[in-house]
Each structure stands twice: as structure tokens, then as C-alpha cells.
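**Student:** Sharing a model prediction with you, sequence too.
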Amino acid sequence: MIKIKHNLDATKFKWLWSKYVEDGNDEKHCTNSLKGKYSKKFSKHNENFNNETTIIFDEQPEDKFKAIYICGVINKGYSQKKNYPHNVHLAIVPKEGARCLYQFEEWEIEIEDGMISMIPEIEELPVKYQGLPDEYVTCRIFRWAVGYFFNSIK
């Protein structure tokens, strides 16, 4: 079971969520490119999120998902569309006994029983996806879904 310890502050994010990813959808971008259920624990909508800094992803049976995707869209710069480089994006693939550390700007997530799954750069996408509109190819969620489910990058 994937377990994380984090220092994320939900008040600093416009959106903050995670999803139990079962499959990808390369015809959609953003959250719609991931098929699966949202976590209620790891969510800005969880009123205790900032107090619950350790989260066990046990809301879905382990055999029902292939990864956990975490997305945090930062408030700072959002209205001027300057937030993109500061948004949190992390995909975790279950792996018993593994330990990883995700560090990004002021945020840190310690991961147990999971490995970080890399998000491909635009030029690493299969050629058939590289010509898609910017809302697809600049979307890290879409790029991860394509890389993981449609390009065998694991």
C-alpha cells in the first residue's frame, strides 16, 4: 500500500487532488486523460488535509489501480497564468519495499511502497502526439498518461 508523508499546504493551491489511475485516455487532456477514482484523503476538499501529513492510499484495492497521480495547481500567479512552472505533478507506481523522495520548490513528499514514474518531455512523446494542440502537449498529466499507457515508458 502506497504511503506518503508530505508538507503540502492546501491553502496555497487552487486545485490539489490525487487519483487512483486505472488507465489512460489519449483523446483527452488534464484530469480526463486519467481513468480512475479520486482520493478523498488526498484532496483540497479534505478539511483535515493540512493536519493529515501522512496518507495511506488504501481507498481502492491495490489490484484496481496502476498508479497514484498527484496534481497541485498553485494559487500564486494563477490569475496571470504564471503558475504553470510551479504546479506540482507526481505519478507514483506501487512497488513494495521501495522508498522515494519527491522534492519540488518548497514541497517534499516521502514515498513508501512506491516509485516515482517520470513525466516525459514533449519531444519524448510518440510522434503522433507531438503535433497535438498545446493544451495536450503542455499538459503534464496527458504526457504522463501517454508515456505510461501508450508508449511503454515505465
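**Tutor:** Good, I have the coordinates.

**Student:** biggest helix in this protein by residues?
**Tutor:** If each helix of the chain is counted by residues according to DSSP state H, the longest one is helix 140-149.

**Student:** Name the residues that touch that helix?
**Tutor:** 21, 23-26, 28-31, 33-34, 66-67, 69, 71, 87, 89, 91, 117-122, 124-126, 129, 136-137, 153-154 (Cβ atoms under 8 Å, 6 or more residues apart in numbering). Where C-beta positions appear, they are placed from N, C-alpha and C, glycine not excepted.

**Student:** go with 7 Å
**Tutor:** Contacts of helix 140-149 with the rest of the structure, by Cβ atoms under 7 Å, 6 or more residues apart in numbering, involve 23-24, 26, 29-31, 33-34, 67, 69, 71, 89, 91, 117, 119-120, 125, 129, 136, 153-154.

**Student:** Run through the neighbouring helices and strands of the longest strand belonging to the chain.
**Tutor:** Secondary structure of the chain per DSSP state E: the longest strand is strand 88-104. On a contact count with 3 or more Cβ pairs under 7 Å, 6 or more residues apart in numbering; DSSP states H and E, strand 88-104 meets strand 67-74, strand 107-117, helix 140-149.

**Student:** how about 8 Å then?
**Tutor:** Secondary-structure packing of strand 88-104 (3 or more Cβ pairs under 8 Å, 6 or more residues apart in numbering; DSSP states H and E): strand 13-24, strand 67-74, strand 107-117, helix 140-149.

**Student:** now the first one: mean pLDDT?
**Tutor:** Read it as strand 13-24. For strand 13-24, mean pLDDT is 98.

**Student:** Please work out the angle formed by the directions of that strand and strand 88-104.
**Tutor:** 110 degrees (axes from the mean of the first three to the mean of the last three Cα atoms, to 10 degrees).
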